[in-house]
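**Student:** how would this look folded up:
(one chain, ligands or ions: 1)
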Amino acid sequence: MTIDKNRHLALDIIPFSMPFSSGNELANVSEVLRSGHVHGDGIFTARATERLVEITSADHVLLTTSGTHALEMASYLLGMGKGDEVILPSFTFPSAADAVARTGATCVFVDIDPATGNIDPQQVSEAIGPRTKAISIMHYGGVPVDVDAILSIARNYDLPVIEDNAHGLGGSIGEHRLGTVGILAAQSFHDTKNVHSGEGGALLINDPSLVERAEIMREKGTNRSQFLRGQVDKYSWVEVGSSYLMSELNAAVLDSQLESFDDIQHARFGVWDRYSQELEEWSAENGVRRMSPPLGIHSAHVFYLVMADWESQTALISHLRAAGIIATFHYVPLDSSPAGRRYGRVLQPLTQSEDFSRRIVRLPLWAGMPEDYVTRVIAAVAEFPGR
Ligand SMILES: *Cc1c(COP(=O)(O)O)cnc(C)c1O
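**Tutor:** Here you go, the predicted structure:
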């Protein structure tokens, strides 16, 4: 069977997104295969790790098998378990909740600020109780959370912040680069993200006291990392861990992409800015709100429109589909999902998460999206009567 990733060209369909390719991936992968070092922690891992440190300014970066696994490591590193509660937004990807529920802890879902789709700091304060173990945040679409508000709450209650930065690589707010807000942060390199390795992730560690345990946890509970650095003369099983180490094949792909990070971001912002500018008038006339990051610098991970209601969300998606354009809604709130009901609770109905989920439409966006595709999407949207 052959899979043609350019099938959409023949059908003249504009896909929602396309994984980035720098063009150097194959050369890097061949180099790994020739080198004889194909497992994790080789030269491409070292290079990609260094680039991530440079982009985020995180103190320590460990490449992992996925973003979900990085979040899972964060939970275990903070000693999360049965009886603990973690506060997190309902409008997010399931991984943040998986990482909590897996340890036996309970998810306490809170609402979002409709201006950004990000966790509402006021609701975080209200949800804190004696069992609260951590606050988990996610920068939706790469738009920074109100970090000052969250950090001030975290300081007041002496709680760690876990940062899901799957969308936010390259973003910043005030003096904080995204990925350094939490004591632990997770990146994802799934192929839908700005930078990818097929599947993959990274754990960013912003408290040096957690580094040694994180290395051990990532290497099946052994002190192999210390052994490789010559710090111990044999390695053994010292803790319960798992196998969270990224393969050198994935790191070879990741490194070639990170090398092009500035170009990727420049290309994504090119598309993002055109949508924002060229849909301004149409939005104003039709009661539609464009994604408009109020705080900090975002990462151009998505571009979305907030429609008047659910009917117009559905109608715009159908209208674009008829024009051969794949646009989509996004997360279904976790608190009302089957697993969310079992592993989580809420203090009150999360009306903003529900409303946001039923109104947003994400437009196609990727680095390298042809100009005429962007033009076609804008023209098709502008033909749509908002209400
Ligand atoms: C993609 C994503 C993840 C999961 O990352 P994987 O690498 O696929 O495990 C987690 N959180 C958010 C917000 C994501 O977008």
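**Student:** what residues does the stretch 251-387 of the chain put near the ligand?
**Tutor:** Counting by CB under 6 Å from any ligand atom, the stretch 251-387 of the chain comes close to the ligand at no residue. Glycine gets a C-beta too; all of them are placed from N, C-alpha and C.
**Student:** how about low-confidence regions in the stretch 251-387 of the chain?
**Tutor:** 386-387 (pLDDT under 70).
**Student:** can you give me the helices in it?
**Tutor:** Using DSSP state H, counting those that start in this stretch, the helices of the stretch 251-387 of the chain run over residues 261-278, 280-286, 310-322, 338-343, 351-357, 371-382.
**Student:** extract the C-alpha trace of the fourth one and format it as CSV.
**Tutor:** Taking only C-alpha atoms (Å, rounded to 0.1, in the frame of the first residue of the first chain), the coordinates of helix 338-343 have been written out as CSV:
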residue,chain,number,x,y,z
PRO,A,338,-16.8,10.0,30.1
ALA,A,339,-13.4,9.8,31.8
GLY,A,340,-13.6,13.3,33.1
ARG,A,341,-16.8,12.4,35.1
ARG,A,342,-15.0,9.4,36.5
TYR,A,343,-11.6,10.9,37.4
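**Student:** list the helices and strands that helix packs on?
**Tutor:** Helices and strands touching helix 338-343, by 3 or more CB pairs under 8 Å, 6 or more residues apart in numbering; DSSP states H and E, are helix 94-101, strand 106-110.
**Student:** could you pull out the strands in the stretch 1-150 of the chain for me?
**Tutor:** With DSSP state E, counting those that start in this stretch as the criterion, the stretch 1-150 of the chain has strands at 60-64, 85-89, 106-110, 112-113, 118-119, 132-138.
**Student:** okay, these in TSV with mean neighbour count, distance to the ligand and mean pLDDT next?
**Tutor:** As requested, the strands of the stretch 1-150 of the chain are exported to TSV (neighbours: other CB atoms under 10 Å; distance: least, CB to the nearest ligand atom, whole Å; pLDDT from 0 to 100):
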stretch	mean neighbour count	distance to the ligand	mean pLDDT
strand 60-64	24	8	98
strand 85-89	27	10	98
strand 106-110	24	14	98
strand 112-113	23	13	98
strand 118-119	27	11	98
strand 132-138	25	5	98
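**Student:** adding distance to His298, write those out as a markdown table.
**Tutor:** Listed next are the strands of the stretch 1-150 of the chain as a markdown table, based on distance: least, CB to CB, whole Å:
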| stretch | distance to His298 |
| --- | --- |
| strand 60-64 | 21 |
| strand 85-89 | 17 |
| strand 106-110 | 22 |
| strand 112-113 | 15 |
| strand 118-119 | 11 |
| strand 132-138 | 13 |
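**Student:** please name the nearest non-neighbouring residue to the closest residue to the ligand within the chain.
**Tutor:** Taking CB to the nearest ligand atom, the ligand has its nearest neighbour within the chain at Gly67, 2.8 Å off. Sequence neighbours aside, Ser188 is the residue nearest to Gly67 in space, at 2.8 Å (criterion: CB to CB, 6 or more residues apart in numbering).
**Student:** tell me the phi and psi of that neighbour?
**Tutor:** Phi and psi for Ser188, reported as degrees, to the nearest 10, are phi -120, psi 140.
**Student:** and the pLDDT for it?
**Tutor:** On pLDDT, Ser188 comes in at 98.
**Student:** do the same with the one 3 residues further on
**Tutor:** Turning to Asp191, the model gives it a pLDDT of 97.
**Student:** care to break this structure down by domain?
**Tutor:** 5-16+261-382, 25-259 (automatic domain parsing).
**Student:** and among those, the most buried is which?
**Tutor:** domain 25-259 (a mean of 21; mean count of other CB atoms under 10 Å).
**Student:** isn't the residue nearest to Gly67 up against Gly179?
**Tutor:** No. At 11.6 Å, Ser188 does not count as touching Gly179 under the criterion of CB atoms under 8 Å.
**Student:** what sits up against stretch 23-39?
**Tutor:** 42-44, 245, 247-249, 252-253, 255-257, 259 (CB atoms under 8 Å, 6 or more residues apart in numbering).
**Student:** can you name the two of these that sit furthest apart?
**Tutor:** The largest separation in the contacts of stretch 23-39, counting by CB to CB, is between Leu245 and Glu259 at 21.6 Å.
**Student:** quick one, what contacts the residue nearest the centre of the chain?
**Tutor:** The centroid of the chain falls nearest to Ala166 when counting by CA atoms, centre = their mean (1.7 Å). When contacts are counted by CB under 8 Å, 6+ apart, Ala166 touches 67, 93, 95, 138, 186-188, 190, 193.
**Student:** what does Asn165 give?
**Tutor:** Going by CB under 8 Å, 6+ apart, Asn165 touches 56, 138-139, 178-179, 185-187, 204.
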